[in-house]
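**Q** Give me coordinates for this.
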Amino acid sequence: MAKIIYLSREAILAADDLPVEEVEVPEWGGTVRLRAPDAFSWQEINAQLKDAGLAEVYVIALASMLVDEHGQPLFSADQVQALARKNFQVVRRLGTIAFRLAGGSRQEVEAIEENFEAPQDGASPSA
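**A** Numbering: from 1, shown residues only. I've put the predicted structure just below:
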């Protein structure tokens, strides 16, 4: 029988449980770091996503999870729009990784995209 190890508050708080993934982005000429959000950050992200369009969904998630080599956020709330001006395919690719790091399944990411496949008001996608 395996011995049970009970964690202390200090041990729990000291645990580094936010995975970081480095992703090569040839279109931007280098590598970025994405860090999984903590519980409060994920709650804030979800609140922002409530009425967001497809591009906004990826940009908001991505902007909140891009970090530097010290784990500090690369983008402030004021800079999210600048990130939205980048190539959508790159943002989408990185955003998908960000959602996975946040614990989202492939099915959840596909469901997000399916919600945006058809125009909501009958307008054409290019309208």
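
**Q** how about the helices of the chain, start to end?
**A** 9-14, 39-49, 54-65, 80-84, 88-101, 106-117 (DSSP state H).

**Q** Which of these has the highest mean neighbour count?
**A** A comparison of those by mean neighbour count, using mean count of other CB atoms under 10 Å, puts helix 54-65 on top with a mean of 23. For glycine as for every other residue, the C-beta is placed from the backbone atoms N, C-alpha and C.

**Q** Now for residue 90: which residues touch it?
**A** Residues in contact with residue 90 (CB atoms under 8 Å, 6 or more residues apart in numbering) are 25, 27, 28.

**Q** Looking at neighbours, which among those is most surrounded?
**A** Most neighbours among the contacts of residue 90, by other CB atoms under 10 Å: residue 25, with 14 neighbours.

**Q** quick one: it and residue 2, what's the gap?
**A** Noted for residue 25: a distance of 43 Å to residue 2, by CB to CB, to the nearest Å.

**Q** Excluding sequence neighbours, find me the nearest residue to residue 60.
**A** residue 48 (5.0 Å; CB to CB, 6 or more residues apart in numbering).
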